[in-house]
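Colleague: Pasting the sequence and the predicted model now:
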Amino acid sequence: MEIDDQGAATVVFGQGGSGSSGEQFGMRPPEGAVITASYRIGGGAIGNVGADTLVQPHPPEAAPANWLISVTNPLAATGGRDLESRDHARRFAPAGFKQPLVAVTTTDYQSRVQDFTNPDGSLPVQRANAAFRWSGSWLSVTLGVDPAGAESLSSQLRTDLLSYVDGVRLAGYDLDVTGPTYVPIDLAIGICIVAGFLPAAVEQGILQVLSNGDLPGGGKGFFHPDNFSFGDGVYVSRLNAAIMSIVGVGSARITRLARLHAANPDADTQLNLGQGFLAIGSNEIVQLDNDCNFPERGVLSLMPLV
């Protein structure tokens, strides 16, 4: 029997069936069968009977015992509780039900990693990217982690995350935590400097605002590790806005915007400028350090605009 939210009861019979699947939810009654229901009513507060209402022994048709004079209940029944309504459950259910106990989907794994908290209350993970991979024998979960304020995943943070996520992963799944896959880019910009401004000072201002470090007056350089995460492309409009924010820049034109060591950077630049951004894969992060000691981490070139 099934009871709906309004308290109406419905008698449900099985679907029958045969074969390997067996009977589903019980047997199906034959056609023309006479069904007799024996039931009691009550449930919830309405089932709390009043005083002196239980005056008949059970079963009533049984012969009374010689020693039985009468039966009754001197006190009214208490304790019956009505079923919780759906609206009440939605409003007052504990918030914990929104946090799954086990990570099942890639989103579950990503959320768990991003919720990881250091002992001091800080969040060491800016974003995570999860993917399922078939090893040939079982599934493995690979978690790419973009650490906050850093370009590399420390061994201590990796160990902490493995221990943290191991408690919620599905049984039989391997787990691996890795750092992000960085995509160094090749960026070249032509600059026209307003007359009266020192070219070296203007160029220094552009290099600073497009750097990967912290700016003197607060804020972060355009290519700071915290400004990009998995799948974040490099938008031409944002680049132009950052460049034109430098006092002394009259005009600017991006002449190269491509992945470093691309097979055809000119064609890639034309495509990226046409669509307005350089696209990055879902498991990749943009990198442009412009460090002459590490040119493999991205390069930035400035030249006069002619």
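Modeller: Perfect, I can see it now. Keep in mind the model is a prediction, meaning the values are calculated, not measured.

Colleague: Helices of the stretch 1-150 of the chain, start to end?
Modeller: Ranges of helices within the stretch 1-150 of the chain are 86-92, 106-114, based on DSSP state H, counting those that start in this stretch.

Colleague: for the protein, which strand is longest?
Modeller: If you go by DSSP state E, the chain has its longest strand at strand 181-193.

Colleague: in it, what counts as buried?
Modeller: The neighbour-count check on strand 181-193 (16 or more other CB atoms under 10 Å) flags 182-191, 193 as buried. The C-beta positions use only the backbone N, C-alpha and C, and glycine is treated the same way.

Colleague: And for stretch 245-252?
Modeller: For stretch 245-252, by 16+ other CB under 10 Å, it's 246, 248-249, 252.

Colleague: Centre of the chain to it, how far?
Modeller: Relative to its chain's centre, stretch 245-252 lies at 40 Å (CA atoms, centre = their mean, to the nearest Å).

Colleague: Would you mind putting the buried residues of strand 181-193 into JSON lines with pLDDT and distance to Arg81 alongside?
Modeller: As requested, the buried residues of strand 181-193 are exported to JSON lines (pLDDT from 0 to 100; distance: CB to CB, whole Å):
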{"residue": "Tyr182", "pLDDT": "90", "distance to Arg81": "59"}
{"residue": "Val183", "pLDDT": "93", "distance to Arg81": "60"}
{"residue": "Pro184", "pLDDT": "95", "distance to Arg81": "65"}
{"residue": "Ile185", "pLDDT": "95", "distance to Arg81": "64"}
{"residue": "Asp186", "pLDDT": "97", "distance to Arg81": "70"}
{"residue": "Leu187", "pLDDT": "97", "distance to Arg81": "68"}
{"residue": "Ala188", "pLDDT": "96", "distance to Arg81": "73"}
{"residue": "Ile189", "pLDDT": "96", "distance to Arg81": "71"}
{"residue": "Gly190", "pLDDT": "96", "distance to Arg81": "76"}
{"residue": "Ile191", "pLDDT": "95", "distance to Arg81": "75"}
{"residue": "Ile193", "pLDDT": "94", "distance to Arg81": "79"}
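
Colleague: Is Ile243 located within a helix, as I assumed?
Modeller: Yes - Ile243 forms part of a helix when assessed by DSSP: H, G, I helix; E, B strand; the rest coil.

Colleague: Check the residue lying closest to it once chain neighbours are set aside and give its pLDDT.
Modeller: Excluding the flanking residues, the one nearest Ile243 by CB to CB, 6 or more residues apart in numbering is Ala252, at 4.7 Å. Here, the pLDDT recorded for Ala252 equals 95.

Colleague: Name the SS class of Ala252, please.
Modeller: Ala252 - assigned by three-state DSSP - is strand.

Colleague: residue contacts, it?
Modeller: By CB atoms under 8 Å, 6 or more residues apart in numbering, Ala252 lies in contact with 189-192, 240, 243-244, 305.

Colleague: Let me know the outermost residue of this protein.
Modeller: Most distant residue from the mean C-alpha position of the chain: Asn66, 71.7 Å away (CA atoms, centre = their mean).

Colleague: Distance check, that one against Asp87.
Modeller: Here the criterion is CB to CB, to the nearest Å. By it, Asn66 lies 55 Å from Asp87.
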